[in-house]
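Visitor: Structural data only, the sequence is not supplied:
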């Protein structure tokens with residue numbers, strides 16, 4: 001009895017082992033337990049909606065064509081900066097802030113294909129009536145050597161720059177791929193970025209309120225969590241296909257004279273709430289996985305999508321019952337995109353292969 005008890009696993013132990021296997025499939029070492037105050041960046045939500053073929057938020061947070069950045073990536077990660085950092089000396093006509101993003105949670109096997117720094121700029125109503133052509137410049141620098149006691153200014157390298165106009169509220173995207181590759185792929189020290197806003201109209205006090213790079217520069221504290229700068233990395237872990245906009249599949253024509261018990265696809269909806277994963281999986285709330293079930297009778301009909309081997313096996317089974325029949329299994333699988341919080345409370349969008357049954361057959 002004792003041996004039988006030890007051999008038979010309790011249902012909760014089996015469930016725990018199954019959960020660990022699923023988490024490993026998702027590339028996680030343990031089940032994430034995010035806090036209730038974790039903010040999901042609108043940018044990442046829109047990126048997910050774009051992949052899922054859903055309506056984007058209004059106004060859309062995406063400020064660049066997805067195909068360019070994600071053409072070789074199957075994983076998108078977002079990072080907020082560490083908030084406690086020293087102020088940089090402010091000079092006339094310029095506002096500069098240092099930003100540090102901790103990227104140590106990126107797995108070593110993930111190859112970075114591109115990285116972008118997203119900065120929100122806000123339309124300031126009524127501030128520029130007398131000067132409709134007002135422009136300012138945003139410069140993004142990589143810090144090569146941080147400031148010291150003797151040198152108050154860090155040594156920097158220009159990564160990207162843009163001349164922008166105060167005409168609309170929108171996200172600006174800056175290419176910081178060279179810096180992130182130096183930090184991640186080449187092991188160089190990550191000292192962060194300097195974001196510099198050059199106010200070309202030095203008399204205009206509204207210019208400081210325009211680019212969202214600091215809490216203290218703005219009166220609207222509540223929106224800071226949604227509009228603070230965001231570093232987004234695009235990478236590939238070597239598994240499966242890159243992210244792409246999901247195309248709606250055409251329904252396949254139903255075959256005539258199909259036996260109602262023959263091998264076919266059946267509905268199966270996986271609800272993440274049922275398995276208690278809805279606290280760390282942001283979207284989707286669940287998905288239609290489907291499953292294959294049914295008979296593979298002799299002789300195998302064309303609609304059963306069989307291989308030559310399955311046809312031979314079924315033929316042998318008809319004269320020798322010791323040889324099993326062909327099995328009803330998935331013959332075509334597709335991927336889904338998932339938006340979730342990892343163990344470090346970072347928001348990740350990832351493409352997972354072989355998650356949805358698209359076709360069944362006898363094999």
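Guide: Looks like it arrived, so ask away. Computed from a predicted model, the values in this text were never measured in an experiment.
Visitor: all strands for the stretch 201-350 of the chain, in order.
Guide: Secondary structure of the stretch 201-350 of the chain by DSSP state E, counting those that start in this stretch: the strands cover 230-236, 264-266, 269-271, 281-283, 286-288, 291-293, 328-341, 347-362.
Visitor: Tell me which of the ones you listed sits nearest to residue 184.
Guide: strand 230-236 (8.1 Å; C-beta to C-beta). To be clear about C-beta, it is placed using only N, CA and C from the backbone, and glycine gets the same treatment.
Visitor: Looking at the strands of the stretch 201-350 of the chain, which one is packed in the most?
Guide: Most buried of the strands of the stretch 201-350 of the chain, by mean neighbour count (mean count of other C-beta atoms under 10 Å): strand 230-236, with a mean of 24.
Visitor: give the contact list for the closest residue to residue 304 other than its chain neighbours.
Guide: Excluding its sequence neighbours, the residue lying closest to residue 304 (C-beta to C-beta, 6 or more residues apart in numbering) is residue 362, at 4.6 Å. Listed by C-beta atoms under 8 Å, 6 or more residues apart in numbering, the contact partners of residue 362 are 263, 296, 300, 304-306, 310, 314, 326-329.
Visitor: re earlier: for the strands of the stretch 201-350 of the chain, could you give me a markdown table that also reports distance to residue 156?
Guide: Shown next, in a markdown table, are the strands of the stretch 201-350 of the chain (distance: least, C-beta to C-beta, whole Å):
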| stretch | distance to residue 156 |
| --- | --- |
| strand 230-236 | 17 |
| strand 264-266 | 57 |
| strand 269-271 | 48 |
| strand 281-283 | 35 |
| strand 286-288 | 45 |
| strand 291-293 | 56 |
| strand 328-341 | 33 |
| strand 347-362 | 28 |
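Visitor: For residue 21, find the nearest of those.
Guide: Comparing the strands of the stretch 201-350 of the chain by C-beta to C-beta, strand 347-362 comes nearest, at 14.0 Å.
Visitor: how about residue 106, what does it touch?
Guide: 77, 112, 184, 233, 235.
Visitor: residue contacts, the first one?
Guide: Residues in contact with residue 77 (C-beta under 8 Å, 6+ apart) are 105-106, 232-233, 235, 346-349.
Visitor: quick check, nearest of these to residue 337?
Guide: residue 349 (6.3 Å).
Visitor: Could you give the number of residues near the nearest residue to that closest one once chain neighbours are set aside?
Guide: Once flanking residues are discounted, residue 349 sits nearest to residue 76: 4.2 Å by C-beta to C-beta, 6+ apart. Number of residues near residue 76 (other C-beta atoms under 10 Å) recorded here: 26.
Visitor: Tell me the secondary structure of residue 76, please.
Guide: Secondary structure, DSSP: H, G, I helix; E, B strand; the rest coil: residue 76 is strand.
Visitor: Pull the contacting residues for it.
Guide: Contacts of residue 76 by C-beta under 8 Å, 6+ apart are 44, 47, 70, 232-235, 243, 348-350.
Visitor: For it, name its beta-bridge partners.
Guide: For residue 76, the beta-bridge partners under DSSP bridges are residue 234, residue 349.
Visitor: Contacts only, for the closest residue in space to residue 278 that isn't next to it in sequence.
Guide: Excluding its sequence neighbours, the residue lying closest to residue 278 (C-beta to C-beta, 6+ apart) is residue 272, at 4.9 Å. Residues near residue 272 by C-beta under 8 Å, 6+ apart: 278, 281, 284-286.
Visitor: can you list the weak-confidence ranges in the protein?
Guide: Residue ranges of the chain with pLDDT under 70: 1-12, 14-15, 56-71, 83-92, 123-134, 166-167, 201-225, 240-241, 244-259.
Visitor: Need the single longest helix in it, by residues.
Guide: helix 11-25 (DSSP state H).
Visitor: quick one, phi psi at the residue nearest to residue 278?
Guide: With angles defined as degrees, to the nearest 10, residue 272 sits at phi -70, psi -20.
Visitor: From residue 39, how far out is the residue of the chain positioned farthest from its centre?
Guide: Using C-alpha atoms, centre = their mean, the residue of the chain lying farthest from its centre is residue 319. It sits 53.0 Å away. Applying C-beta to C-beta, to the nearest Å, one obtains 66 Å for the distance of residue 319 from residue 39.
Visitor: Residue 312 too?
Guide: As defined by C-beta to C-beta, residue 312 lies at a distance of 58 Å from residue 39.
Visitor: what domains does the record give for the chain?
Guide: Domain assignment for the chain by automatic domain parsing gives 79-231, 264-362.
Visitor: Can you say which of these is nearest to residue 52?
Guide: So among the domains of the chain, domain 264-362 is nearest, using C-beta to C-beta, at 6.3 Å.
Visitor: picking that back up, how about the contacts of residue 76 in CSV, adding distance to residue 54?
Guide: Listed next are the contacts of residue 76 as CSV, based on distance: C-beta to C-beta, whole Å:
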residue, distance to residue 54
44, 13
47, 11
70, 16
232, 19
233, 23
234, 20
235, 23
243, 14
348, 18
349, 13
350, 17
